[in-house]
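K.L.:
give me the fold of what follows.
(2 chains)
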Amino acid sequence: MKIATWNINGVKARIANLCEWLESSAPDVVCLQEIKSVDEGFPRLEIEALGYHVETHGQKGFNGVAILSKMKPDEVSRGLPGDDQDEQARFIEAVFSIDGGVVRICSLYLPNGNPADDPVKYPYKLAWMERLKAFAESRLALEEPFILAGDYNVIPEPHDCRDPKLWEGDALFLPKTRQSFRRLENLGLVDAVRATSDDPLLYSFWDYQAGAWQKNNGIRIDHLMLSPEASDRLLSASIEKHVRSWEKPSDHVPVAAVFDF
DNA sequence: ATGGCCCAGTGTCTGGGA
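P.N.:
Here you go, the predicted structure:
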């Protein structure tokens, strides 16, 4: 099974790219972020025509996540537990039957948190990460294949960006952000890309501005984090960098992992 | 030349992204 995550930066602006990528990459499950659409506005017909089920959790204007899948999910839930006041559409979970059990797959869009000195934005990011940790603990207790995939807005280590000096003080790279991400890893979650590659130049995002793509001035912020039961069955992982050179690209590219289930 | 963008809706500008 091939499972991918991709921040598409607007599903309606990206529908041609998305369909072309679905056909060429042929993932079984796709976690999308920043669909920037309400559920009723999501272009589901085009995607269903390619043989995918569509589950969305959208809102007006920005944010929004979705899970596309060749198999029909057994269960779907929307929203990250832990704060009933949180209106932002950043989390959806689906459960699929596989040989001998199930796999749980979540599509998450972790808050950016900038500017870091904002009285609301950075504390919201850190609180969201705490909620994610609590959720992960509850799911890890099930001892099932479990995949937390998405745009984490976290640069985990200095080698996950081209120029760490540029990111000092940024909410994506602040010590507290990285510490919170390590807490997730320390629960037993494994980063699929780092588990399968030593390449120091692996990025998943290049800014539209300042020729970042042409200069390979990128950052690695889109991650598939695996439970031990999923990590046991990981075969390979890849960053589908070529998609960034397509016409009218998202600023993120798909990241995918292949499992022997 | 050390900067250069893009998306959706509130809509010919603003807010948000990273």
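
K.L.:
is it true that A:Val38 touches A:Asn63?
P.N.:
No: contact status for A:Val38 versus A:Asn63: not in contact, 10.9 Å apart, counting by C-beta atoms under 8 Å. Using the backbone N, CA and C atoms, a C-beta is placed for each residue, glycine as well.

K.L.:
hey, what's in contact with both of these two?
P.N.:
Contact with both A:Val38 and A:Asn63 is made by no residue, according to C-beta atoms under 8 Å, 6 or more residues apart in numbering.

K.L.:
more neighbours, those two?
P.N.:
A:Asn63 (20 against 14; other C-beta atoms under 10 Å).

K.L.:
quick one, what contacts the nearest residue to A:Pro111 once chain neighbours are set aside?
P.N.:
Closest residue to A:Pro111 in three dimensions, ignoring its sequence neighbours and counting by C-beta to C-beta, 6 or more residues apart in numbering: A:Lys125, at 4.2 Å. A:Lys125 makes contacts with A:Leu110, A:Pro111, A:Asn112, A:Gly113, A:Asn153, A:Ala171, A:Thr177, as judged by C-beta under 8 Å, 6+ apart.

K.L.:
need the contact list for the fourth one.
P.N.:
Right, the one you point to is A:Gly113. For A:Gly113, the residues meeting the contact criterion (C-beta under 8 Å, 6+ apart) are A:Lys121, A:Tyr122, A:Tyr124, A:Lys125, A:Leu126, A:Asn153, A:Ala171, A:Leu172, A:Thr177.

K.L.:
ok, now with 6 Å
P.N.:
A:Gly113 makes contact with A:Lys121, A:Tyr122, A:Lys125, A:Ala171, according to C-beta atoms under 6 Å, 6 or more residues apart in numbering.

K.L.:
what separates the last one from DNA strand B, distance-wise?
P.N.:
Relative to DNA strand B, A:Ala171 is positioned 8 Å away (criterion: C-beta to the nearest atom of the strand, to the nearest Å).

K.L.:
got it, and the second one?
P.N.:
Here A:Tyr122 is placed at a distance of 11 Å from DNA strand B (C-beta to the nearest atom of the strand).
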